[in-house]
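Asker: build the 3D model from these lines:
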Amino acid sequence: MSDTSPAARLQQLFEGQRLTPTQRRIAHCMVRRAADVAFLSSVELAELAGVSQPSVTRFAVALGFDGYPALRRHLREVAPAAEPVVGKDEFNEYQQAVHAEIENLRHLAEMLADPAPVERAGRLLAASRPLPVLGLRAASSQARGFAYFAAKVHPDVRLIDEGGSMVADRIDGARRAGASALLCFALPRHPKEVIEALDYARSCGLTVVTVADSAFAPVGTHSDLLIPAAVGTGLAFDTACAPMLLGRVLLEAMCDDLPDAQARLEQFDVRAAERGLFAE
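Answerer: Below is the predicted model of the structure:
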């Protein structure tokens, strides 16, 4: 993430802190609203994060400040930003949801200014034969989409998108077959069985790479490498444009470490043409 971006500086402020689930929620909200958080009152921040105002005060104290006003003064110094954009109320709820997703994509672009985590993930995923891809409940579509495209360039991709006792069996099977890493998509609300699956995968010797909605997500301490991409929360059901795009970025990074990726894609195109697979 760019050293000069407000979101990056906020992220650095929270790194290494032992935060409670409520405090992680506040921190996540602040990173998402990095452009204007320094101008929010404790009541406004509490409403945005869905917590109580005293929780915001306790959060500031946990970070080492006398209270929220001191934290806000600090934010204006370390994460300066323009005054909040006016006129947002002119958009209807559907437009607001789209604009929120655009902001999530901007944050993702800022994070990708440092490509090292994605490049490391690409190497880990390319080297794992087979490559198990885990995604349960809300994250199942992200995992399925990644696995669909990854199978075109990776010789052995194994999708795990259904929970239950079979998850451990499938992780066992992948490990016995030679897997060295597992890719997980984890989105809210986070199922407990995902955390259990990640702990089990690591106990089996797999390196866990996770795409989650926040660096403060519950799966964070159960992953070896977590790359965050925020979800939109403005509609009845969360939207996941940024996690989906991050999945495609990871595919690109993985392809860079698969020397025969291009050849596999060309072979697929030839077979698809022979079969008349796609409408022209």
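Asker: so which strand or helix has Leu245?
Answerer: Element membership for Leu245, per DSSP states H and E: helix 241-256.
Asker: can you list the helices and strands that that helix packs against?
Answerer: The helices and strands touching helix 241-256, judged by 3 or more CB pairs under 8 Å, 6 or more residues apart in numbering; DSSP states H and E, are helix 93-111, helix 116-127, helix 140-150, strand 181-186, strand 207-212, helix 261-275. Where you see a C-beta, it was placed from the backbone N, CA and C, and this is true even at glycine.
Asker: what's it in contact with?
Answerer: Outside helix 241-256, the residues that touch it by CB atoms under 8 Å, 6 or more residues apart in numbering are 101, 104-105, 107-108, 112, 115, 118-119, 121-123, 125-126, 139, 142, 145-146, 149-150, 153-154, 183, 185, 187, 209, 211, 213, 227, 229-232, 261-262.
Asker: from the chain's centroid, how far away is that helix?
Answerer: Relative to the chain's own centre, helix 241-256 is displaced by 11 Å; criterion: CA atoms, centre = their mean, to the nearest Å.
Asker: try stretch 108-122
Answerer: 12 Å.
Asker: same check, this time on stretch 55-69
Answerer: The answer for stretch 55-69 is 26 Å, by CA atoms, centre = their mean.
Asker: same deal with stretch 251-259?
Answerer: 19 Å.
Asker: can I get it in CSV, CA atoms only?
Answerer: These are the backbone C-alpha positions of stretch 251-259, laid out as CSV (Å, rounded to 0.1, in the frame of the first residue of the first chain):
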residue,chain,number,x,y,z
LEU,A,251,-4.7,-15.3,-10.9
GLU,A,252,-2.5,-13.0,-12.9
ALA,A,253,0.3,-13.3,-10.4
MET,A,254,0.0,-17.1,-10.4
CYS,A,255,0.2,-17.2,-14.1
ASP,A,256,3.4,-15.2,-14.0
ASP,A,257,4.9,-18.1,-12.0
LEU,A,258,3.5,-20.9,-14.3
PRO,A,259,5.8,-21.1,-17.3
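Asker: give the buried residues for that stretch.
Answerer: Judged by neighbour count (16 or more other CB atoms under 10 Å), stretch 251-259 contains these buried residues: Leu251, Ala253, Met254, Cys255, Leu258.
Asker: residues contacting Gly234?
Answerer: Glu93, Gln96, Ala97, Ala100.
Asker: contacts for stretch 20-38 next, please.
Answerer: Under the contact criterion CB under 8 Å, 6+ apart, stretch 20-38 has outside partners 5-7, 9-11, 14, 17, 19, 40, 45, 48-51, 55-56, 58-59, 62, 72, 75-76, 79-85, 103-104, 107, 213-218, 230.
Asker: and those residues, which of them are in helices?
Answerer: Counting by DSSP state H, those place 6-7, 9-11, 14, 45, 48-49, 55-56, 58-59, 62, 72, 75-76, 103-104, 107 in helices.
Asker: of those, buried ones?
Answerer: By 16+ other CB under 10 Å, the ones in helices among the contacts of stretch 20-38 give 6-7, 9-11, 14, 45, 48-49, 55-56, 58-59, 72, 75, 103-104, 107 as buried.
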